[in-house]
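*Asks:* quick check, what structure comes out for this input:
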Amino acid sequence: MPFVTTEDGARIFYKDWGAGESPVLLSHGWPVNADSWETTALLLAEGGHRVIAHDRRGYGRSTQTWHGNEMDSYADDLATLIDALDLSAVTLVGHSIGGAEVVRYIGRHGTGRVARLVLVSTGPLADTDALRARHTADRSQFYRELAGGPIFGHAVSQGIRDAYWLQAMSGGHRGTTAGITAFSTIGFGRDLARVDVPTLIIHGGADELVPPDTGGRRTAEIVDTAVLKIYDGRPHALPATDRDRLHADLLEFIDNREETS
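*Replies:* Numbers count the residues shown, from 1 in each chain. Here you go, the predicted model:
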């Protein structure tokens, strides 16, 4: 399995599919891993794009570090991966906390290697104290309850819910708990001010974890280059619940890069 090693010794797992000249980097949500993007990655790779998806530190196959489980380290790990693979004109796509990660990457490292940005279901969590308490008490059961309700909105198969639970449990308790804190303190304003590339913002209108008014709609007000799409009545995990629509919007946005560059 491929890994890159960060400055502090963490090993970051990644997938690298396809061979196109328009790289797309997919950053996963909480508390899952790169596998959550597999259907999207396959579609993009088959459509002629190089697709990279990584496991954030503390999640999946990456090192379960005690330290560095916060947004700055996530962004710097992403920079290590992008530099190691020598990616240029990359489209950064982040779901949920993954969106916060790619925005913090731009805040810390700029857009020199970035062509476009896509944020899906990204913004501050609705109730971090309650999430943290339930996660600490019994995270295994909590993941099952999330998968049965607010994550997917009862719109997916049991197989997808089971995959969510397996991915969540593959992460370390330390990393996933710290991820809640990182998610709750994202402080978008300063980072979003550095976004100067075409940006697509997609948000479910019925997202209970990250409400659209404080997520997608608020972000679109800050980013001058943003186009906002609200999926009315849809929940948080759009890459699973609204695959066809999301894929069509992603492909249209990414493939237009060659026409507008």
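
*Asks:* list phi and psi for Arg11.
*Replies:* Arg11 adopts backbone torsions of phi -100, psi 120, taken as degrees, to the nearest 10.

*Asks:* nope, His95 is what I was after
*Replies:* phi -110, psi 130.

*Asks:* tally of neighbours for it?
*Replies:* By other Cβ atoms under 10 Å, the residues close to His95 number 29. The way it works is simple: take the backbone N, C-alpha and C, and place the C-beta from them, glycine included.

*Asks:* now it, which residues is it bridged with?
*Replies:* Val120 (DSSP bridges).

*Asks:* please tell me how far it sits from Asp196.
*Replies:* 22 Å (Cβ to Cβ, to the nearest Å).

*Asks:* may I have the host helix or strand of Thr91 exported as CSV, CA atoms only?
*Replies:* Mapping Thr91 onto the secondary structure by DSSP states H and E places it in strand 90-95. Only the C-alpha atoms of strand 90-95 are listed here, as CSV (Å, rounded to 0.1, in the frame of the first residue of the first chain):
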residue,chain,number,x,y,z
VAL,A,90,-5.3,20.0,-8.8
THR,A,91,-9.0,20.2,-8.0
LEU,A,92,-9.4,19.8,-4.2
VAL,A,93,-12.7,18.2,-3.2
GLY,A,94,-13.5,18.0,0.5
HIS,A,95,-16.6,16.5,2.2
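
*Asks:* got the buried residues for that strand?
*Replies:* Val90, Thr91, Leu92, Val93, Gly94, His95 (16 or more other Cβ atoms under 10 Å).

*Asks:* which residue packs closest to the fourth one, ignoring adjacent ones?
*Replies:* If I follow you right, that is Val93. Leaving aside its chain neighbours, Val93 sits nearest to Val118 (4.2 Å; criterion: Cβ to Cβ, 6 or more residues apart in numbering).

*Asks:* orientation of the helix or strand where that neighbour lies relative to strand 90-95 in degrees?
*Replies:* With elements taken from DSSP H and E, the one containing Val118 is strand 114-120. For strand 114-120 against strand 90-95, the angle by axes from the mean of the first three to the mean of the last three Cα atoms, to 10 degrees is 10 degrees.

*Asks:* tell me what whichever helix or strand comes after strand 114-120 is packed against?
*Replies:* Using DSSP H and E, the next helix or strand after strand 114-120 towards the C-terminus is helix 128-147. Applying 3 or more Cβ pairs under 8 Å, 6 or more residues apart in numbering; DSSP states H and E, we find helix 128-147 packed against helix 158-170, helix 173-184.

*Asks:* of those helices, which is nearest Pro212?
*Replies:* helix 173-184 (16.3 Å; Cβ to Cβ).

*Asks:* any idea which helix or strand comes after the closest one?
*Replies:* Following helix 173-184 toward the C-terminus (DSSP H and E): helix 188-192.
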